[in-house]
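Participant: This is a predicted model, with the sequence first.
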Amino acid sequence: MKTAILEERRNAYAFWFGCVLVTAGVILHMPMFVMARHSGYVLAGMTMDGGMLFGMAAIVIGIGVAGYGLLPKSTPLAVGQALEALAPPEDASLTRAHWGMAALLGLALIIDIMKPASLGFVTPGMRVEYGVGRETVAWLPFAALTGTVLGSFLWGLLADIYGRRASILLSSVMFIGTSICGAMPDFWWNVGMCFLMGAAAGGMLPVAYALLAEIMPTRHRGWSLVLVGGIGAVGGFFAASMWFLNLPTGLLLVCLSPLLPESARFLQQMGRGEEARATLARFGAVLRTGNEGPKRPRKVHTPLPPVGHGFFGITAALTLTAVAWGLVNFGLLLWLPGALVAGGRSVATSSALIAKSTLIAAPTIALSAWLFSSWSTKWSLVLMTGIMVAGLLGLSVQAAGAAALSHPVVPLTLVIVGSCGLISILLPYAAENYPLRVRGRATGWVAGCSKLGGLIAQGLSVAGVVPSFATAVLVIAVPAGVALGLICLFGRESRGRDLRELDAAARASRIGEVA
């Protein structure tokens, strides 16, 4: 017992010391930034001084030390040991603790959206500051998206091994360290930092959804998942316009970390029963002593993505849906203004048209939350995907016609409404369709694939081989249509379903394998 307490204290000291090192490393970059005030804060061409180099080393070392401090205490249940059954929060009422956790995770999602979105505000200035062309500056969003893809995969896996809370906090520490992205004297240093920024931000979204799904009561789980995600997206794009909010927002989340709970389900699986009881007590729930099922079998390797034990169909459907959404959001909608201008519209008219379509789509998040929680989770996803596909087909017909994109308002609105609703529902739906032991990596896989579509689109931009708009729309419409069919075929209804049913089914499947 004494050894465990000492280990816990040592880890806590290591985590906070790592946070101090990372913060100090960021602050050490400020003198050179201030020195550039007479040149409009342009650092391009300046030689890195000792403080900046030492600061970069402090950031790297600090992240490693903080990661060490977040290593969990693991005392897995022995074979045959009785499992305690989780009572509420499946059927509990919302408490102050639930609302507080939702607010903290909303902040985490704002951080996730804010960093990549901020690139849209700074890339035009970077072209001027570093004197690079359009193809070269495209490496910034390309590197950031590459980081988000890998970060989603990696952090989802870490969430299943080390815990949801630890993964979110490690991502936040890395986010603090990459506040220096955009304040480097060399363009390619910025590219490297943007990759690390993407890796940190990419892991925040899926892990937050997994944690929220495991703690919110069943009857409140659907709308809260969609609404918190939507608020995070809106807040993230707003905060992206305020570049120096990156450091204080990351620090705020880290400082509020004592209020961020670990998933009681994860704690129970790791054999940390006392901590699981303490966590559930905050949410008006308890652990019932007793056998929740048959004796626990040996561990079974689970691949990434989760495709075994009946998950191949649903994983294929969500993977293709996520890739199609990424192609639309990070490809088609970025290429659309150029296509409208090529069709004879002015830049101002094209921007106004897109803005009007976006305003029409603004209530989509609230509608998606209502449909997801009150109607059907599966068919809400089918509906939003179908609306996006219908818009793509409409744009495809117009783009291929003689009067290209002469009346794009209706199909464009359908694309924006459908894609906005789809991404609001996609990750909450993924979090509700996989058992505890793979929920983090499954949600991370789907989140990563949503960025993978964007990575493909940005790769075409970097290579300078962007297809014509008519070809792009048609090519994207095909996988989107196939994804729609796969969801109809393999999608499962998760509205009102107790997540313990998934865990019980997974245990039964593993027992069948071992027998």
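Facilitator: Perfect, thanks for sending it. What you see is a predicted model, and the numbers here were worked out from it, not measured in a lab. Numbering: from 1, shown residues only.

Participant: residue ranges of the strands in the stretch 1-150 of the chain, please?
Facilitator: Along the stretch 1-150 of the chain, counting by DSSP state E, counting those that start in this stretch, strands occupy 85-86.

Participant: Excluding sequence neighbours, find me the nearest residue to residue 168.
Facilitator: Leaving aside its sequence neighbours, residue 168 sits nearest to residue 207 (CB to CB, 6 or more residues apart in numbering; 5.4 Å). The C-beta positions use only the backbone N, C-alpha and C, and glycine is treated the same way.

Participant: from memory the one you found sits against residue 156, does it?
Facilitator: Yes: with contact defined as CB atoms under 8 Å, residue 207 counts as touching residue 156 (6.8 Å).

Participant: So for the two, which residue has more residues nearby?
Facilitator: Applying other CB atoms under 10 Å to residue 207 and residue 156 shows that residue 207 carries more neighbours, namely 33 against 30.

Participant: what ranges do the strands span in the chain?
Facilitator: Using DSSP state E, the strands of the chain run over residues 85-86, 287-288.

Participant: Quick one: mean pLDDT for the first one?
Facilitator: If I follow you right, that is strand 85-86. Average pLDDT, strand 85-86: 52.

Participant: which neighbours do residue 207 and residue 156 share?
Facilitator: Common contact partners of residue 207 and residue 156 (CB atoms under 8 Å, 6 or more residues apart in numbering): 440, 443, 444.

Participant: Number of residues surrounding residue 217?
Facilitator: For residue 217, the count of nearby residues is 19 (other CB under 10 Å).

Participant: For residue 102, state which of the shared contacts of residue 207 and residue 156 is nearest.
Facilitator: The closest of the shared contacts of residue 207 and residue 156 to residue 102 turns out to be residue 443 (CB to CB; 17.1 Å).

Participant: Contact partners for the closest one?
Facilitator: Residue 443 sits next to 156, 206, 207, 209, 210, 427, 430, 431, 434 when contact means CB under 8 Å, 6+ apart.

Participant: Mind checking which of these are in helices?
Facilitator: Counting by DSSP state H, the contacts of residue 443 place 156, 206, 207, 209, 210, 427, 430, 431 in helices.

Participant: count of residues packed around residue 467?
Facilitator: Other residues close to residue 467 by other CB under 10 Å number 13.

Participant: lowest-confidence helix or strand of this protein?
Facilitator: Within the chain, no helix or strand scores below strand 85-86, which has a mean of 52 by mean pLDDT, DSSP states H and E.

Participant: and residue 380, what does it touch?
Facilitator: Counted by CB under 8 Å, 6+ apart, residue 380 has contacts 368, 371, 372, 421, 425.

Participant: Identify the residue nearest the fourth one in space, chain neighbours excluded?
Facilitator: Excluding its sequence neighbours, the residue lying closest to residue 421 (CB to CB, 6+ apart) is residue 384, at 3.5 Å.

Participant: thinking again about what came up before, do you know the pLDDT at the residue nearest to residue 168?
Facilitator: For residue 207, pLDDT reads 82.

Participant: For it, give its distance to residue 151.
Facilitator: 10 Å (CB to CB, to the nearest Å).

Participant: shared neighbours of those two, which are they?
Facilitator: With CB under 8 Å, 6+ apart as the test, residue 207 and residue 151 both reach residue 171.

Participant: Surely residue 194 touches residue 146?
Facilitator: No: counting by CB under 8 Å, residue 194 stays clear of residue 146, with 9.2 Å between them.

Participant: Which one's more surrounded, those two?
Facilitator: residue 194 (28 against 22).

Participant: Tell me how far that one lies from residue 420.
Facilitator: Residue 194 is 25 Å from residue 420, by CB to CB.

Participant: just residue 317 next, same as before
Facilitator: Plainly put, residue 317 is 20 Å away from residue 420 if you go by CB to CB.

Participant: on that earlier part again, Serialize the contacts of residue 380 to CSV and add fields for distance to residue 476 and pLDDT.
Facilitator: Formatted as CSV, these follow (distance: CB to CB, whole Å; pLDDT from 0 to 100):
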residue, distance to residue 476, pLDDT
368, 21, 86
371, 24, 89
372, 25, 88
421, 17, 86
425, 19, 89
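
Participant: Domain map for this protein?
Facilitator: 92-288, 312-514 (automatic domain parsing).

Participant: if we can go back for a sec, can you lay out the shared contacts of residue 207 and residue 156 as TSV showing distance to residue 54?
Facilitator: Shown next, in TSV, are the shared contacts of residue 207 and residue 156 (distance: CB to CB, whole Å):
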residue	distance to residue 54
440	35
443	38
444	34
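
Participant: which one among the residues you listed gets closest to residue 453?
Facilitator: residue 444 (15.7 Å).

Participant: OK, contacts around the closest one?
Facilitator: Contacts were defined as CB under 8 Å, 6+ apart; by that measure residue 444 touches 152, 153, 154, 155, 156, 157, 159, 203, 206, 207.

Participant: what's near enough to touch the closest residue in space to the first one that isn't next to it in sequence?
Facilitator: Same thing as residue 152. Nearest residue to residue 152 in three dimensions, chain neighbours excluded: residue 448, at 3.4 Å (CB to CB, 6+ apart). Going by CB under 8 Å, 6+ apart, residue 448 touches 148, 149, 150, 151, 152, 153, 156, 202, 206, 322.

Participant: Understood, closing this out.
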